[in-house]
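K.L.:
quick one, structure for this:
(2 chains)
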Amino acid sequence: MAEQRFIIQRYDPDSAESYREEFSLDVQPGQTVLDCLNAIKWEQDGTLSFRMSCRHAICGSCAMKVNGSSMLACQTQVSEAVELGDPVEVAPMGNQTVIKDLVVDTTKFVAQFERAETWLEPHEDQEPPEREYRQTVEDFDHWSHASTCIHCGACYSDCTVAAVDEKFLGPAALAKAYRFVMDSRDSKREERLKFLAETEGGIWDCTRCYMCVQACPKDVLPMDAIMELRALSIEAGYTNNHGSRHHKGFASGVRKRGRLDEASLPIQSVGITRLLTLNIDAHKEMLGYTPGAIRLLKTRKLLEAAKRHGASQDGREHIQRIFEEVEAEKHHHDVDADAFAAEFETALGSG
Amino acid sequence: MLQHDVLIVGSGLAGMRAALEVSEDPSLDVAILSKVHPLRSHSGAAQGGIAASLGNSAEDSWDLHMFDTVKGGDFLVDQNAAELLAREGPENIFELEHMGCAFSRDEQGRVAQRRFGGHTAPRACYAADRTGHAVLTVLFEQLLRRGVKVYSEWYALDLVVRDRVCQGIVAYDILTGQIEAIAAKAVMFGTGGYGRAFRVTTNAFASTGDGVVMAYRSGVPLEDMEFVQFHPTGLQGSGILLSEAARGEGAHIVNSDGYRFMADYAAGRMELAPRDIVARAEQSEIEAGRGVTDLQDSVFMDLRPIGEERIRYALPSVLHLARDFAGIDPLVDPVPIQPTAHYSMGGIPCDINGQVRLKDQDDAPIVGFFAAGEASCVSVHGANRLGTNSLLEAVVFGRRSGRGILDVVKDLEPTSIDEGDMARAIGEVDKHLRADGPEKVGAIRAELRDTMMDKCGVFRTDEQLHEALADVKSYQERYERSSIDDHGQTFNTDLLDAVELGHMLEYAEVIVSGAIARQESRGGHARRDFPERDDDNWFKHTLAYREEDGPRLEYCAVNMEPQHREAFPLQERTY
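P.N.:
Numbering: from 1, shown residues only, chains lettered A, B, ... in the order given. Next up, the predicted model:
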């Protein structure tokens, strides 16, 4: 038994006062952060509020920040938390409004599932079979990990896009959308891919920071799901959006020059056709690049980028071969977005 | 006053399945109310599977499922209910599958099925070892699709019944601290079980028997409350559930000698005997000094015979739970386990359509009041529930309750709730917010849970049960002198803890009283001083009515009238 200090971020809704409060208690080996919060609440200060229920990482109630990262309090051993910082700092989840102490308003998070319509839409035009639909083990194994989401919100809490973009659907809802895109029983695969590719705050807004995968207490791998959705939406032809044009411009630049063509990428992302047809939104998007471009000009980076013509002949040929192999591979298998990206990065390195 | 045609209290499998059924009629206004967000409901913690005689893995039939259920329940099962459970099982599974439930698959692409305790065929349909989560999720998704109104984080304080007609409920909005009346022509309780009164339990903090006690206070008797299931494979100390699926997949249970002691208790089924039998065997080994670890309060479950690959694929949660909560890697070491309070066989008496009935001589209904799932007592599990039958019960009887409501609700008169109906609930909240007594809720609750575990646990005796009763009475008195710290309106969980403790103290007395009276051993109720089942005197359900000085016990007959076959006659229960 050892004395352990906790610093808890508190918020009193009646006085609208935020403050940090320290508590000390004896901790037994094997105790979780939730055990300690309960001990504090029951023995020291009953006003401390937090959500919790199952205490074994399945109900998803007790996600909060422990030493800065979002996790389930019930699944986190104090001994692990201490490794990240001592005293242990406990704070409410991020990207959501605090109601009281560690309790946040989850309305926005929950609404994302409704917006993404993450439920099975059965085939309207055909009766379901008398027994179950058949699904192969391989099929099931491909997406079932994404169905293990416990909707705790830890991923959303640590999401770097959600921090700046209220409209971002967020990792959990997107991963759940992926699960239905992949489920052969669902009738709305195409509509889902179109929506996810084109809606504001959809799959192309993810910055691949990986925080969601780190925060997830289950095996959902939200970012991987988002990347796979990107590949699937391009395959399905939903390419009339900034993200996929950027992707395409990125790839074609590399294919042509053997290296990233930063100078022309913004034009390709916004879309040459859209710019030429004087699409107002396209020009607004273009203007959005201006501050960055000015910074690049100031540091002469853009000029340097424009001056360089690309990789050596050998490098370019190597890259060409990679593209050809990946394309051949695509005919045989589903696109593996991660493998694709990894090859890309290797290619850039050698270019 | 808020108003709906139908109000479902509780958002686990039973409640959501009922709501989904009622929402089939778009002219009806249906709402769900729950003290936790629906996705936090404790049904989601069920791991191993949901039973149905699909026959995907081996030949099976509803008769066999029904027989296993009746025998598993030590014949205290209402056979008309068990018949429906078994007969309607497959269609309910297919329905969930059509809704998108993430069931694991077999080589033919069908719903995979595995073995489970007390079932003679591999009958447990599963989603790895997170089946409850998969079913709960899919039901919530479909409710969202239908746009059903949800009162999330609202706490029901009272059921309002006037002249045996249900009027609605009085509820507390946890976010704002406001108390509201919600009138409804039909109210269904799917409020879950009451395992939280025991120190070692698998149950969520939320499983405090609120609905059961609200019904009890409103004049409904409680049925068979003394039957509490102890699950044999709780993690030592915390009691966190390790799925029976582990044994279904081939895990061994051994004592300190490394001996698979189930050979001495149920040689025919070994580790896959029903839970009450395995739990008693463990407790007996522990009490005989053959326990493991320093505390000698547990035995070992060894998953290694299953093989690493299969453990990783079929039992990922078991693997994670042992690692995260006990620091043990089941691929390398055996896991210390002990009996843990798991399931409440007793509850609110109702018929096969979810209609709550007094089960007295007239079998009078409480008009407009329905119940399903663990909060109810149909009674489909009798004295002991078989694993994977609870999820099935919640779905089958949730759906049946929904249909039962649809059958009657249009003929029911509008109801109302007046200030007088709200007085008790308002008074209770007010009392807690103003109280300044010396006793603390957390301390009383801890003592209650010790008492129930140590004196009303796996094995019981007259002497210990009387001690338990005296303890509970003393806790009730101390509770009257308790106070809380938080006097605020917003998200006051301190207040809810206090209200929940009141419920626990109320039903604990009913459990103990029923256990004292029942001088026999049957299913989950094992008396050291009356070790045999006594069909001559005790082949009957307990009904506990609330009186000023404690429960008044009466009894009613077990249903022996299934519709599609002869009843299974009483026989000795050996495995």
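K.L.:
in chain B, where's the longest helix?
P.N.:
Counting residues, the longest helix found in chain B (DSSP state H) is helix B:493-517.
K.L.:
buried sites along the helix or strand bottoming out on mean pLDDT in chain B?
P.N.:
In chain B, the helix or strand scored least confidently by mean pLDDT, DSSP states H and E is helix B:316-326, which has a mean of 92. Of all the residues in helix B:316-326, those buried under the rule 16 or more other CB atoms under 10 Å in any protein chain shown are B:316-322, B:324-326. C-beta coordinates here come from the backbone N, C-alpha and C atoms, glycine included.
K.L.:
just stretch A:60-73 next, same as before
P.N.:
Neighbour-count burial for stretch A:60-73 [16+ other CB under 10 Å]: A:60-67, A:69-73.
K.L.:
nearest to chain B among those?
P.N.:
Within these, distances to chain B taken as CB to the nearest CB reach their minimum at residue A:61, with 5.0 Å.
K.L.:
for chain B, what are the nearby residues on the stretch 101-250 of chain A?
P.N.:
A:103, A:106, A:110, A:113-114, A:117-122, A:128, A:130-137, A:139-140, A:144, A:147-151, A:179-180, A:183, A:185-186, A:219 (CB under 8 Å from any CB of the partner chain).
K.L.:
quick one: which of the residues you listed sit in strands?
P.N.:
Secondary structure from DSSP state E places residue A:103 of those in strands.
K.L.:
can I get the buried part of the residues of the stretch 101-250 of chain A next to chain B as one ChimeraX selection?
P.N.:
Applying 16+ other CB under 10 Å to those, the buried members can be selected in ChimeraX as follows:
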select /A:103,106,110,113,117,118,119,120,121,122,131,132,133,135,137,140,144,147,148,149,150,151,179,180,183,185,186
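K.L.:
just the helices from the stretch 151-300 of chain B, written as ranges.
P.N.:
Shown for the stretch 151-300 of chain B, the helices assigned by DSSP state H, counting those that start in this stretch span residues B:210-217, B:245-248, B:275-287.
K.L.:
mind giving me the packing neighbours of the last one?
P.N.:
Helix B:275-287 is packed against strand B:228-235, strand B:299-302, strand B:335-344, with contacts defined by 3 or more CB pairs under 8 Å, 6 or more residues apart in numbering or on different chains; DSSP states H and E.
K.L.:
among those strands, which is nearest chain A?
P.N.:
strand B:228-235 (8.6 Å).
K.L.:
only C-alpha atoms, please: export that closest one in PDB.
P.N.:
Only the C-alpha atoms of strand B:228-235 are listed here, as PDB (Å, rounded to 0.1, in the frame of the first residue of the first chain):
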ATOM      1  CA  VAL B 228     -29.600 -15.300  -7.000                       C
ATOM      2  CA  GLN B 229     -27.100 -16.900  -9.400                       C
ATOM      3  CA  PHE B 230     -23.500 -17.000  -8.400                       C
ATOM      4  CA  HIS B 231     -21.400 -17.300 -11.600                       C
ATOM      5  CA  PRO B 232     -18.400 -19.700 -11.100                       C
ATOM      6  CA  THR B 233     -15.800 -17.700 -13.000                       C
ATOM      7  CA  GLY B 234     -15.500 -14.200 -11.600                       C
ATOM      8  CA  LEU B 235     -12.000 -12.700 -11.300                       C
END
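K.L.:
let's have the helices and strands packed on helix B:275-287 in JSON lines, adding distance to residue B:536 and mean pLDDT.
P.N.:
Output for the helices and strands packed on helix B:275-287, formatted as JSON lines (distance: least, CB to CB, whole Å; pLDDT from 0 to 100):
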{"stretch": "strand B:228-235", "distance to residue B:536": "24", "mean pLDDT": "97"}
{"stretch": "strand B:299-302", "distance to residue B:536": "35", "mean pLDDT": "98"}
{"stretch": "strand B:335-344", "distance to residue B:536": "27", "mean pLDDT": "97"}
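K.L.:
can you add distance to residue A:92 and mean neighbour count and give these back as a markdown table?
P.N.:
Compiled in a markdown table, the helices and strands packed on helix B:275-287 are given as follows (distance: least, CB to CB, whole Å; neighbours: other CB atoms under 10 Å in any protein chain shown):
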| stretch | distance to residue A:92 | mean neighbour count |
| --- | --- | --- |
| strand B:228-235 | 29 | 28 |
| strand B:299-302 | 37 | 23 |
| strand B:335-344 | 31 | 27 |
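K.L.:
what's the closest of those strands to residue B:257?
P.N.:
Of all these, the one in closest proximity to residue B:257, counting by CB to CB, is strand B:299-302 (10.5 Å).
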